[in-house]
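>>> Pasted the sequence and its predicted model underneath.
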Amino acid sequence: MHDDRSITEHRLRRVLKERIKPAVHADPVPLTVERWEAPGEPVPVAEGLAATYEPCAVGDPWGPAWGTTWFKVTGSVPAEWAGRTVEAVLDLGFDRMMPGFQCEGLVHRADGGEIKALNPYNDWVRVADRAEGGERIEWYVEAASNPVLVDHSATYEGDRRTSGDQPLYRLARMDLTVFQTEVWELVQDLEVLYDLMMELGTGDARRYEILRAIDAALDAVDLGDVPGSAAAARAGLAGVLAAPARASAHRISAVGHAHIDSAWLWPLRETVRKVSRTASNMVSLMDEHPEFVFAMSQAQQLDWVKTHRPELFERVKKKVADGQFVPVGGMWVESDTNMVGGEAMARQFLYGKKFFLDEFGIETHNVWLPDSFGYTAAMPQIVKLSGSRWFLTQKISWSQVNKFPHHTFWWEGIDGTRVFTHFPPVDTYNSDLGGAQMAHAARNYQEKGRGSRSLAPFGWGDGGGGPTREQLARAKRQRDLEGSPRVEIERPDAFFEKAHAEYGDAPVWTGELYLELHRGTYTSQAKTKQGNRHSESLLREAELWAATAAVRVPGFAYPYEDLERIWKTVLLHQFHDILPGSSIAWVHREARETYAAVREELQGITLAAQQALAGEGTEELVFNCAPHARRGIPAGGAGRPAAEAGQQPVTVEERHGGGHVLANGRLRVEIDGRGLIVSAYDLEAERESVAPGAAANLLQIHPDFPNMWDAWDIDAFYRNKVTDLVELDSLEVAESEPASVTVRAGRSFGSSSVVQSVTLRAGAKTVDIVAVVDWHETEKFLKAAFPLDVKAERTASETQFGHVYRATHTNTSWEAAKFEICAHRWIHAEEPGWGVALLNDSTYGHDVTRDVRSDGSQTTTVRLSLLRAPRYPDPETDQGRHTLRYSLAPGATIGDAVREGHALNLPERALRGAGPVAPLIAVDNDAVVVEAVKPAEDRSGDVIVRLYESRGGRATATLAPGFPITAATESDLLERPLEGSAVAAPSADGTIALTLRPFQILTVRLRRG
């Protein structure tokens, strides 16, 4: 037989495109269209309905960037259409290739109720399943003219303040049509079979069976009367569609989903509308398809629906009760996990799961994070303590270098907790359920022979949209189809139950899930990152002091509502395109404004609580919010600071050859004539920190032009070229007191300048540095280098509730790929018996390299990533003035790093009062860190204390409440009692004995007496 495959394939593509698909919506009748341009920001629906409309026609331009145009659409169903299915086609000017990234609309009835959303793959609205003829329609389309910002080029369209005012779209179609059901079904048959055929091998007889059936079906189609011949064409395809799947076929659990970035190439206010559009379409699709299951994560997004679209929220609640609309994830947003602090991560689950429980009575069991940029090794324990059992992501499939070896596995965290985890081998969270993707999932699945099933999230996403009726048709046809995986729509929990039962002995992956991509997100948008870190610290303070005052001071009211609202604001801004710095300018401008307001409000709450605790008086008190005592003030208490015994004043001398020498009896620091630290000598250990011939606190600048993903990525080749910033504008001793000495160096480079202040304080074992940078570079990367005289085989980087070790060598491609890493408040390099820590107050990106000197000794260079200047999606990223704080701690142990990291991030606060304030909670072991002290969420008066073991070893401690208690119980993150609590009953004096395993998180609920 001659090979005529390509002829039939080409024939099918053309006939589908030019004859069959256009026949789905037949006999178009134009609708009457009017328009109203909403001034400024979106208006309430009632205002849009009541506006004065002007005539409009198909072909008219509309919509400047970020504008809202309301279209009034009216018309009548022709009488001769009685008994037929009628749909309107409302095409706002869509580009079919970019769902979620362009204009969108929401159709309302005249009474304001929403009907459904419009997007490139959902431009139809059902008028009647069986028309009577003469039906009158009056609809109002709230159309958003969001600019297309996906071409990865610098643009000022990403902020309404700088975007243009020219129309971006042209109205393409506004028609009433007859919906030809049989033609639509024929399209689905042909597309499913074509996709399957193209995935089968040329030696597979099934491919030719399908080819001949398609050829015959096309022969049956009358191109002049497609509706009249569609049934005959479909009859010719019935046989190949009915052939059952092979017994060994891979099983795919298809879960409807619409990944909606809470902000990215659109601002938060637009996401509020995107969520409503998507939810509206999903509940409508559920009405028509009772088998359809849709999973939605991010409690914040459902809260937006509740607030802004209460009628729609009630429809959602009904579908949740019916089991079709499935809340998943259990988090307030799909957050970043690398940079979010430990307590904030706990609150993501507390407020996320609490919302689902309060609103729907649903306990979510899975964590759904398909798109975050890597996953902290602390996550398994946090997942388990939230009451969740399973974890899902697919983002690791984006890694540039190493293919992850598993799709279903147990993920083990830093404390030893394991969580059952799945990576969908379909390698997307926006599957269309097409044959190519289903075949890829089956081929790609790495558990063959042990496991047989995977999950596929399907539906248009990123900018929302969700599944379509076409995708449901594909699932139906592929449920049991020869040559295809078996596709079944089902709930995520059903998949996980089956996968766990089948493959409970899956392999184990220990440690972080590092994404070998998007490493620049540890650094981009420094002020957003600084706002996050400072807000987390301020929330700790506000809760601690307000809780202490609520227990100690009669009449002091704990600000429950205010702190919950602020927490949710901070959690929202930890979304995985906000905190990582990968959103448009509008998002980050608003983030800076929001963090400033959060700071002011939290400082007010803290001050009010501290004043209530201090009382009236003239004694100078210092409040210590850190989890360790300092200057004689206990952790969580207030009092008069005291100098340590034998503490020496700080001295400063001229350095031979230029510069200055600072000393305080514990450290001697030499700053040379270039303003660089050339020695940081540990006088107690008689050890030098800085490698011979090297200089620390050295600013280095690199070109920064990655291959793609500007704000997201740094590529390893950036290291090929570096400029050391050693030229000086000025060098001076800016402050010289017995308590502290500061040397200040000023530099200019490019279009920017920096002032670096190096301070040594009396009694301190840290060298404190403040860099004030006026940054006006483009596509540059600024680092601060600390070459250390330490032979470190690995470094420890703080993460949530502990730290993670990473090799300093590059023996394998896995280690080499980690050329940029994330650390929270500190990173620590150590050889047996002596180490150095580098601390910071708002920096996350770091890199570590090693070199061997001529004498065989090793230099371990640790660098902080201070600033970047990518041009997409925000062309002004990081431009302006920044104040960055970091410290060098020679001789530091891990415990010292933990203590000094908290001290740097939780500064003392002073005010006058009547006398000392005793801690509300005390712990007698510095290895056990108190992470949070707060009243219970149920407002029972119970006090919640969250602690963790911070050094990676077993620890015992005594927890001493500063108030009478009647009981102490171990709780989960939702403050519910845990079975088999390890917390002992209080002793006669009210103290509680604790035993913690390495990095264990322990939440203790104290019932007040």
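Perfect, thanks for sending it. Values in this document were obtained by computation on a predicted structure and should not be read as measured data.

>>> who does the one helix or strand G531 maps to touch, helix- and strand-wise?
Per DSSP states H and E: G531 is located in helix 526-552. For helix 526-552, the packing partners by 3 or more CB pairs under 8 Å, 6 or more residues apart in numbering; DSSP states H and E come out as helix 342-360, helix 560-572, helix 585-614, strand 880-890, strand 928-935. Bear in mind the C-beta positions are built from the backbone N, C-alpha and C, glycine included.

>>> so can I have TSV of these showing distance to L662, mean pLDDT and mean neighbour count?
What follows is the helices and strands packed on helix 526-552, written out as TSV (distance: least, CB to CB, whole Å; pLDDT from 0 to 100; neighbours: other CB atoms under 10 Å):
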stretch	distance to L662	mean pLDDT	mean neighbour count
helix 342-360	34	98	22
helix 560-572	38	98	18
helix 585-614	32	98	19
strand 880-890	12	98	21
strand 928-935	31	98	22
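
>>> In CSV: the ones you listed, plus distance to L49.
Output for those, formatted as CSV (distance: least, CB to CB, whole Å):
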stretch, distance to L49
helix 342-360, 28
helix 560-572, 30
helix 585-614, 27
strand 880-890, 43
strand 928-935, 45
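
>>> Minimum distance to A918: which of these has it?
With CB to CB as the measure, helix 585-614 is the member of those nearest A918 (9.7 Å).

>>> Between helix 342-360 and the helix holding G531, find me the angle.
Relative orientation of helix 526-552 and helix 342-360, computed by axes from the mean of the first three to the mean of the last three CA atoms, to 10 degrees: 70 degrees.

>>> pLDDT (mean, whole number) over helix 526-552?
Averaging pLDDT along helix 526-552 yields 98.

>>> Just checking the distance from that helix to the centre of its chain.
Distance, stretch centre to chain centre, for helix 526-552: 21 Å (CA atoms, centre = their mean, to the nearest Å).

>>> Just give me the residue closest to the centre of this structure.
By CA atoms, centre = their mean, the chain has its centre lying nearest to H576, at 2.2 Å.

>>> just checking, it touches G374?
No. The criterion here is CB atoms under 8 Å, and H576 misses it with G374 at 9.9 Å.

>>> tally of neighbours for S842?
23 (other CB atoms under 10 Å).

>>> Read off the pLDDT value for it.
If you check S842, the pLDDT there is 98.

>>> for A903, same thing?
98.

>>> Check what contacts the one helix or strand A217 maps to and list those residues.
Using DSSP H and E, A217 falls within helix 205-220. Applying CB atoms under 8 Å, 6 or more residues apart in numbering, the external contacts of helix 205-220 come out as 5, 8-9, 11-12, 15, 186, 189-190, 193-194, 196-197, 200-201, 229, 232-237, 239-240, 243, 482-483.

>>> Kindly indicate whether V426 is helix, strand or coil.
Put simply, V426 is coil when judged by DSSP: H, G, I helix; E, B strand; the rest coil.

>>> hang on, it packs against A441?
Yes. Contact criterion CB under 8 Å: V426 and A441 qualify, at 4.0 Å.

>>> Now list whatever residues contact both of the two.
With CB under 8 Å, 6+ apart as the test, V426 and A441 both reach 252, 454, 456.

>>> Out of those residues, which sit inside strands?
252, 454, 456 (DSSP state E).

>>> just so I have it, where are all the helices in the stretch 251-400 of the chain?
268-288, 299-308, 310-322, 342-360, 379-385 (DSSP state H, counting those that start in this stretch).

>>> can you check the stretch 751-900 of the chain too?
Assigned by DSSP H, counting those that start in this stretch, the stretch 751-900 of the chain shows helices spanning 813-816, 894-905.

>>> what's the most buried one of these?
For the helices of the stretch 751-900 of the chain, average neighbour numbers computed from mean count of other CB atoms under 10 Å are highest in helix 894-905, which has a mean of 23.

>>> Could you name the helices and strands sitting against it?
For helix 894-905, the helices and strands in contact under the criterion 3+ CB pairs under 8 Å, 6+ apart are strand 794-799, strand 826-831, strand 834-840, strand 880-890.

>>> of all those, which lies closest to K765?
Using CB to CB, the helices and strands packed on helix 894-905 put strand 880-890 closest to K765, at 6.1 Å.

>>> starting at the chain centroid, how far to that closest one?
Here the centre of strand 880-890 is set off from its chain's centre by 25 Å, with CA atoms, centre = their mean.

>>> Quick check, pLDDT for the residue lying closest to S276 once chain neighbours are set aside.
Spatial nearest neighbour of S276, excluding adjacent residues (CB to CB, 6 or more residues apart in numbering): R309 at 4.8 Å. Per-residue pLDDT puts R309 at 96.

>>> quick one: secondary structure of T74?
strand.

>>> For it, list the residues it contacts.
Counting by CB under 8 Å, 6+ apart, T74 has contacts 31-32, 136-139.

>>> ok, back up a step: so which of the helices and strands packed on helix 526-552 is nearest Q180?
Nearest of the helices and strands packed on helix 526-552 (CB to CB): helix 342-360, 38.9 Å.

>>> angle of that closest one against strand 794-799?
Calculated by the same axes, to 10 degrees, helix 342-360 forms an angle of 40 degrees with strand 794-799.

>>> for helix 342-360, packing partners?
By 3+ CB pairs under 8 Å, 6+ apart, helix 342-360 packs against helix 299-308, helix 310-322, helix 379-385, helix 526-552, helix 560-572, strand 928-935, strand 943-949.
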